[in-house]
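Visitor: Got a predicted structure here, sequence first:
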Amino acid sequence: MTDKTVYDNEYYNDGFDEFFEKIKQSPNYDFDKIQKAYNLARDAHKNQRRRSGEPYIMHPVAVSEILFKLGMDNECIIGALLHDVVEDTEYDLDYIKAEFGDEVALLVDGVTKLGQIPLSTREEVQAENIRKMFIAMNEDIRVIIIKLCDRLHNMRTLEHMPEYKQREKSLETLEIYAPIAHRLGIRPIKEELENLAILYLDPIAYKEIEKNLSMKKEQGEKFLNEITTKIEERITPVIKNAKITSRVKSVHGIFRKVYIKGKNFEQIFDIYAIRIIVDSMIDCYNTLGIVHDMFKPLPGRFKDYISMPKPNMYQSLHTTVLSDSGVPFEIQIRTWDMHRTAEFGIAAHWKYKLGKGGNDSIDNHLEWIHRMVESGNNAENAEELVANIKGDLSADQVFVFTPRGDVKALPKGATVIDFAYAIHSAVGNKMVGAKVDGKIVNIDYKVKTGQIVEIITSNQQGKGPSRDWLNIVTTGESRSKIRSWFKKEKRDENIVRGKSEVEREFKRNFIRLSGEEYEKFLLKIAERQHFTNVEDFYAAVGYGGIQITRLMPGIKDEYNRNWKPQEAPKPVMPQVERNTGKSTGGIIVEGIDNCLIKMARCCSPIPGEEIIGFINRGTGLTIHRRDCRNVPIDIALSPEPARWVKAHWDASAKVEARSTLDVYAIDRDGVVLDIATKMANAHIKIHSINARPINDGNCLTTMTISVNSKEHLESVLKLIRKIDGVYHIERSGDE
């Protein structure tokens, strides 16, 4: 037994003793090495605490225990105990390698690299996280299994994080981590991640589903017990060693159908499910015949995942039937081997690593990781990489046949072009048409499960994909391969096309430079996009790798700040009279009267806030918030201290001021309408409002409103924060 962890003279049970007792029940683990890894982790993290105030060591112990329950191996458990040591403490990777071997060091290094990404924007950070995640998976699949368990424990303790962080982490979990767990077939982790994410993203819906389930609990348990008994009585005499269990659908599963697909709670046919586990595949089909004889099957609700497994190796027979009382329920039938794979997925086959031999079947099932890495390497920017991976990880899939009977799994909504590129890039590049079930279809035809698709190709010189295909395909793999073709085969054409697009956008945005200045400006823009010359930049715009319209706000800002020709200053000095100061527009400036006053756009001061004035040459006086980033902290040390003057709001004057707000929210239908409606109901005047999608399912709404005081603005912010999906608000001028 180990000593309890001591922090600030208090004793904490970090959970290791109980966990270690379970470890010692299995002969497959090196007890001494696990104990040694724990001792090192405990010492390394001894001065660290989590946000909850608990000793940090509790986190790696909890992650290791989750991995143990999945049946992961000795190195994986040790790697989990040490997964934050290299990143957060004085111990380095060489020390880990010397003490625990190359394999543990590889796992620790793989997990550590996922957290060391010093990039400029949140989109880039998430994109690079995802890219490194798939590269690490490619080297050793256990890296991502540790990372999934790490995320699961963080989600279990997410209540200690700020609200906007809870939503941010939950959205990332729902869009990236849960789909990866699904692809790897680790059902318990996938379902818990999804449920916890919904708890923080939509707590009202979560509680409503829980309430509905609890109301049906007694009735549901009675129903499932009766059905289980009835099936046992029929199956046991015929099918030996059959085990029958029951379950209720997960909260996230119900959420998807009720709140995303718009179904009523009563319309969900698989809230209740019976699972029958048997010894052999023949027993599976015999059992199916018995249950279809017992209950009426619902048309179109039978799925044979045994003969056509899912990409995550899942195999089972699914059928939905009606009970004698008219209640629909699902029956799943599988063998014990299929059941182990269904519950633990790749975790049940951890030793067969991609590219390292072992089991060809497992290698084939992990081929999608190779495709993800390739797609990530070919993505032109962070936004595209994130979009590609989210699309390709979609849980909704279709299974389509080649004429030879091979099965290709594609995201729901995929077209015949996506199917062609899934076969091979050469097939996609030479594609001129397609047949579905023997009939010619349009190039944008969306394939469905069970269809046989034949791709018609041509070897004619000069043939290749069309640029229009980029707007038709749905998978990142297809889009990446089409762009690669244009990038390689049509460089001269791309340069001409790209140059034309850039010039058109510059003209539309009043960017006017000539000669050498124009070339310097373009080179600056190209270098910011990681190109060494302007021609490469033009080519990228030409083949669609870069969308110049998305870059224009940043380009225009760069032009206005550093390149725009300066107009000659007007030879007019402000009409400034020094006196005791009178109210002008609700503002009193010490020693100045009858002066043209304007509000600084950088900080948009409002009544009640501390302010200061700056005398401009030729344009009067600009009023800033005292905490504006453009106001020196110490005026006396500024370059021209005489031009800064004291000012304050006139308490007797009623003034309306404009304030610009950036509202960050989950990008759901109606969120902008909700914001505008809240403002209208509160009689808040909106001068402008603009909304645009940003990253990973979020949107940014920028609006300028009228308020009459600091308190008034605070009340507006409270109203907006109550809107479903809003997780952060920034005011113009805030750091």
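Guide: In hand now; what should we look at?
Visitor: what does the model give Tyr33 for pLDDT?
Guide: For residue 33 the amino acid is Lys, not Tyr. On pLDDT, Lys33 comes in at 91.
Visitor: isn't it right next to Ile77, touching?
Guide: No. Contact status for Lys33 versus Ile77: not in contact, 9.1 Å apart, counting by C-beta atoms under 8 Å. Yep, even glycine has a C-beta here, placed from its N, CA and C like the rest.
Visitor: Settle it for me: which of the two has more neighbours?
Guide: More neighbours surround Ile77 than the other of Lys33 and Ile77, with 25 against 18 (other C-beta atoms under 10 Å).
Visitor: so who does that one touch?
Guide: Each residue near Ile77 by C-beta atoms under 8 Å, 6 or more residues apart in numbering is listed here: 23, 29, 34, 37, 64, 67-68.
Visitor: any idea which of those residues is closest to His160?
Guide: Minimum separation from His160 among the contacts of Ile77 (C-beta to C-beta) is found for Ser64, which lies at 20.7 Å.
Visitor: Next, the contact list for the residue nearest to that closest one when sequence neighbours are not counted, please.
Guide: Across the structure, with C-beta to C-beta, 6 or more residues apart in numbering as the measure, the residue nearest Ser64 apart from its sequence neighbours is Ala80 (4.2 Å). Taking C-beta under 8 Å, 6+ apart as the criterion, Ala80 is in contact with 60, 63-64, 67, 146, 149-150.
Visitor: Compare those residues and tell me which is most surrounded.
Guide: Greatest neighbour count in the contacts of Ala80, by other C-beta under 10 Å, goes to Ser64: 31 neighbours.
Visitor: Checking the residue nearest to Ser64 next. Helix, strand or coil?
Guide: Judged by DSSP: H, G, I helix; E, B strand; the rest coil, the three-state class of Ala80 is helix.
Visitor: do the same with Ile612
Guide: Under the three-state scheme (three-state DSSP), Ile612 adopts strand.
Visitor: Asp627 is in contact with that one, correct?
Guide: No. Using C-beta under 8 Å, Ile612 and Asp627 do not qualify as a contacting pair, with a distance of 9.8 Å.
Visitor: Comparing the two, which shows the higher neighbour count?
Guide: More crowded of Ile612 and Asp627, by other C-beta under 10 Å: Ile612, with 22 against 16.
Visitor: So in the protein, where's the weakest helix or strand by average pLDDT?
Guide: The helix or strand of the chain with the poorest confidence is helix 360-365; it has a mean of 49 (mean pLDDT, DSSP states H and E).
Visitor: if we can go back for a sec, save the contacts of Ala80 as JSON lines, and put in secondary structure, distance to Val398 and pLDDT too.
Guide: Written out in JSON lines, the entries for the contacts of Ala80 read as follows (DSSP: H, G, I helix; E, B strand; the rest coil; distance: C-beta to C-beta, whole Å; pLDDT from 0 to 100):
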{"residue": "Pro60", "secondary structure": "helix", "distance to Val398": "40", "pLDDT": "92"}
{"residue": "Val63", "secondary structure": "helix", "distance to Val398": "35", "pLDDT": "92"}
{"residue": "Ser64", "secondary structure": "helix", "distance to Val398": "38", "pLDDT": "93"}
{"residue": "Leu67", "secondary structure": "helix", "distance to Val398": "33", "pLDDT": "90"}
{"residue": "Ile146", "secondary structure": "helix", "distance to Val398": "32", "pLDDT": "89"}
{"residue": "Cys149", "secondary structure": "helix", "distance to Val398": "31", "pLDDT": "91"}
{"residue": "Asp150", "secondary structure": "helix", "distance to Val398": "32", "pLDDT": "91"}
